[in-house]
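Colleague: the following block contains a protein sequence and its predicted model.
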Amino acid sequence: MTSGWRNRAETIFKPGRKIVRDLTVLDHLGGSRKVDIYLCRSRELDDVVACKVLRPEFRLDFSALAAVLHEGELLTRLRHPNVLEGYSVGLQPHPRIVMKHLTGQTLETTFFEGNHDAFQLSDFVEVASQIADGLTYLHGEGILHLDIKPTNIMYSDGHVTLFDLSVAKEFDPEEPFKDNAGTRDYMAPEQTTRGYVGYTTDVYGLGVVFYRLLTGGNMPYQTVEIASDEPDENPTKQLDYASPPVPPSEVNSSIPLEISDIAMRALALDSKDRYGTPAEFKAALHRAASLTVR
Ligand SMILES: Nc1ncnc2c1ncn2[C@@H]1O[C@H](COP(=O)(O)OP(=O)(O)OP(=O)(O)O)[C@@H](O)[C@H]1O
Ligand SMILES: [Mg+2]
């Protein structure tokens with residue numbers, strides 16, 4: 001395993017320090033502006049675990065605190081083979097989620113930083129199917145993930161686990177998405193514009209991941225910079241929805257048209273034109289794969 005310490009000199013807990021009495025830090029696994037994820041030894045569980053900890057400067061930030069507690073509540077309640085399992089949530093002295101340590105590497109590292117050629121179409125179909133299974137479970141529990149992307153999906157020996165439920169929310173068809181959350185390149189237009197998000201919003205995220213798997217890492221829509229009217233302001237970045245994605249079968253002639261079409265339908269800009277649910281996506285994928293993938 002590569003150590004995260006080198007990339008994150010400012011991490012709060014160094015190896016050997018305790019987050020709470022039960023949890024001794026072994027390594028730094030990752031993090032973002034508000035949280036760090038540590039590999040820890042749990043004396044109580046007699047095992048290594050992963051622990052997501054809110055960085056101390058955000059302890060009085062109510063929305064950051066609420067986000068950790070909400071994610072912790074979801075991870076400790078939900079149980080599915082393709083969704084990360086949470087063990088416990090704690091508040092004092094450091095707001096945290098204790099969860100299963102996922103071995104393996106993210107999809108990003110495995111497929112887009114690693115040797116993409118080492119995998120076959122049947123591997124991409126399998127990965128997409130397992131993401132669909134995890135999403136189908138979450139949706140059945142009334143939860144939208146809303147941040148499906150390769151760095152939020154772990155891959156280990158052909159097994160896929162969805163994690164990072166920090167953007168996830170309860171599905172409410174009456175309420176527009178109001179958070180400024182998600183990852184632009186993987187977000188359906190209705191999430192970017194804070195419209196009504198639903199099951200098909202996660203189908204879009206799955207569509208971006210599947211498109212990248214099929215094309216060796218290409219993004220379906222390109223990012224463009226829009227100059228600001230104000231002289232001092234930096235340009236804003238947007239996706240160029242006016243230029244439709246190049247179908248995967250045109251990027252790579254070994255991808256059957258039937259499979260390529262599935263990625264394209266999942267990426268439709270109008271949510272009504274996508275598969276209605278991840279289960280519909282998976283059923284269509286399996287139909288196409290049974291005809292075309294050996
Ligand atoms: N349970 C886990 N087991 C192993 N590694 C993990 C685990 N949870 C998180 N990580 C590592 O930490 C990184 C960041 O975790 P996570 O995506 O949950 O945090 P985040 O702050 O919401 O990140 P981002 O904003 O970058 O999406 C992951 O990409 C992964 O490498
Ligand atoms: Mg993440």
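Modeller: That came through, no problem. Ligands and ions are numbered 1, 2, ... in the order given.

Colleague: residues near the nearest residue to V197 once chain neighbours are set aside, how many?
Modeller: Spatial nearest neighbour of V197, chain neighbours left out: F177 (4.5 Å); criterion: Cβ to Cβ, 6 or more residues apart in numbering. The C-beta positions use only the backbone N, C-alpha and C, and glycine is treated the same way. For F177, the tally of surrounding residues (other Cβ atoms under 10 Å) stands at 24.

Colleague: contact partners for F177?
Modeller: L146, K169, E190, Q191, R194, G195, Y196, V197 (Cβ atoms under 8 Å, 6 or more residues apart in numbering).

Colleague: what does the stretch 101-250 of the chain have sitting close to ligand 2?
Modeller: Within the stretch 101-250 of the chain, the positions near ligand 2 by Cβ under 5 Å from the ion are N152, D164.

Colleague: give me the element the closest residue to ligand 2 within the stretch 101-250 of the chain is part of.
Modeller: Per Cβ to the ion, D164 is where the stretch 101-250 of the chain lies closest to ligand 2, at 3.6 Å. Assessed by DSSP states H and E, D164 sits outside every helix and strand.

Colleague: quick check: buried residues in stretch 103-111?
Modeller: Neighbour-count burial for stretch 103-111, with 16 or more other Cβ atoms under 10 Å as criterion, is recorded at Q105, T106, L107, E108, T110, F111.

Colleague: pLDDT of that stretch, averaged?
Modeller: Averaged across stretch 103-111, pLDDT comes to 96.

Colleague: how about it against ligand 1, any contact?
Modeller: Yes: under the criterion of Cβ under 6 Å from any ligand atom, ligand 1 is reached by stretch 103-111 at T106.

Colleague: how close does H80 get to L74?
Modeller: According to Cβ to Cβ, to the nearest Å, H80 and L74 sit 12 Å apart.
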